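>>> Sequence plus predicted model, see below.
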Amino acid sequence: MKSPVAAPPGAKHSASKRWRRLSPWIAAAAVLAACSGPGTDQTAPAQAPVAVGKLNSVAVVTHGSPGDAFWNVVKNGAEAAGDQLGVRVEYNSSGDPSQQAKLIDNAVAQGVDGLVVSMANPDALRTSIEKAVSSGIPVVTINSGEDKSVAYGAIGHVGQSERQAGEAAGKRLHDAGKQKMLCVIHEAGNIGANERCAGATQGFGTAVTLQVDINNPTDAQARIRGALEADSSIDAVLTLNSQIAARAVDAVRESKSKAAIATFDLNDDVVGAIRAGSLLFAVDQQQYEQGYLPVVMLKLYRSNLNGVGGGHPVQTGPAFVDKSNVDVVAGLVAQGTR
């Protein structure tokens, strides 16, 4: 299917203009919530009383690696929402779960008005998130860990159901006539990556997984090349990250494999590879929304005690980018909103 294309929010305006410009985005959040996937029956810890008032500051703490293009777009979305709503947004990240927990603790100690957290390793963050909730700081989780969001006391989750997205990607490769898939996991311990591969295997059929390290791209490329050289029956490669996708393209070329490549997430390299025919498609979870919408949700909660989703995650994907729509999306990728 074609990925929906929306113009990014504009620059700063007066307070009244801000709300007029924001209304379509609030409506979009409501629509996304209505279309969201299964919720959870778990009972959430009680949110400490929150005084109705102004949202002045939001801390965004993710598990993103430094320089990761995906997380730069999340940051752009959060900062754009902050600019429009007059909210100070501070973004920090660490791929080390213990360090990420410390960043959350620091934000709580500073008394921020709202918290946005990605949960690639939910168990490592539980104590810190529940401390924020018990301190009266509303939390929105994003990207990973949707199954634990309600249980930890978050007021909502914004992201893509990874198993559902993986299944859709696997089915798409299967429908392209491929017989054996290599699914490349780039972060050890990332439950979202594991869910993607599990879903892809379900949608595709015969598949093997390969663990690589996103922080060592040269080795990642060598491992993918080695897997293709060792098993010539692999005719499809699915990567779960745009940076690893570029390495997979090089690995396929070096190994003289005929395998088709698909990936999760977008960056300029992925756009170029789709245009060149080196990549079949990209699964786009529209991560700009994962930064933007939580700030809106926190604003509504703080100012009017509104909730979005009713305990169900707000889905931002999957959408697909391929040759049919890549030229339209390319400009948005270049400006940092896709």
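It's in. Numbers count the residues shown, from 1 in each chain.
>>> Am I right that residue 218 is in a strand?
No. Assigned with DSSP: H, G, I helix; E, B strand; the rest coil, residue 218 falls outside any strand and is helix.
>>> Please list all residues in contact with it.
When the contact criterion is CB atoms under 8 Å, 6 or more residues apart in numbering, residue 218 has no partners at all. (C-beta placed from N, C-alpha, C; glycine too.)
>>> do you know how far it is from residue 224?
According to CB to CB, to the nearest Å, residue 218 stands 11 Å off from residue 224.
>>> Kindly report the same for residue 115.
37 Å.
>>> neighbour count winner among the two?
Neighbours per residue, other CB atoms under 10 Å: of residue 115 and residue 224, the larger number sits with residue 224, 29 against 26.
>>> Am I right that that one is in contact with residue 248?
Yes. Here residue 224 reaches residue 248: they are 5.3 Å apart, a contact under CB atoms under 8 Å.
>>> list the residues that contact both of the two?
184, 237.
>>> Mind exporting the C-alpha coordinates of stretch 307-327 to CSV?
Provided in CSV are the C-alpha atoms of stretch 307-327 (Å, rounded to 0.1, in the frame of the first residue of the first chain):
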residue,chain,number,x,y,z
GLY,A,307,-6.7,10.5,27.3
VAL,A,308,-6.2,9.0,23.8
GLY,A,309,-6.5,5.4,22.9
GLY,A,310,-8.6,4.1,25.8
GLY,A,311,-5.8,1.7,26.8
HIS,A,312,-5.0,0.7,23.3
PRO,A,313,-1.8,1.7,21.4
VAL,A,314,-2.0,4.5,18.9
GLN,A,315,-0.6,2.8,15.7
THR,A,316,1.8,4.7,13.4
GLY,A,317,2.3,1.9,11.0
PRO,A,318,3.0,-0.2,9.1
ALA,A,319,3.1,1.8,5.9
PHE,A,320,5.2,0.7,2.9
VAL,A,321,7.5,2.7,0.7
ASP,A,322,8.4,1.2,-2.7
LYS,A,323,9.0,2.4,-6.2
SER,A,324,5.4,3.5,-6.5
ASN,A,325,5.6,6.2,-3.9
VAL,A,326,9.3,6.7,-3.1
ASP,A,327,9.7,9.9,-5.1
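>>> now that stretch: mean pLDDT?
The average of the pLDDT scores along stretch 307-327 is 94.
>>> same deal with stretch 221-231?
97.
>>> what does that stretch contact?
Contacts of stretch 221-231 (CB under 8 Å, 6+ apart): 180, 182, 184, 208, 210, 212, 234, 237, 247-248, 250-252, 254-255, 257, 259.
>>> Apply 10 Å and report the result again.
If you take CB atoms under 10 Å, 6 or more residues apart in numbering as the criterion, stretch 221-231 is touched by 180, 182, 184, 208-213, 216, 234-235, 237, 239, 244, 246-259, 261.
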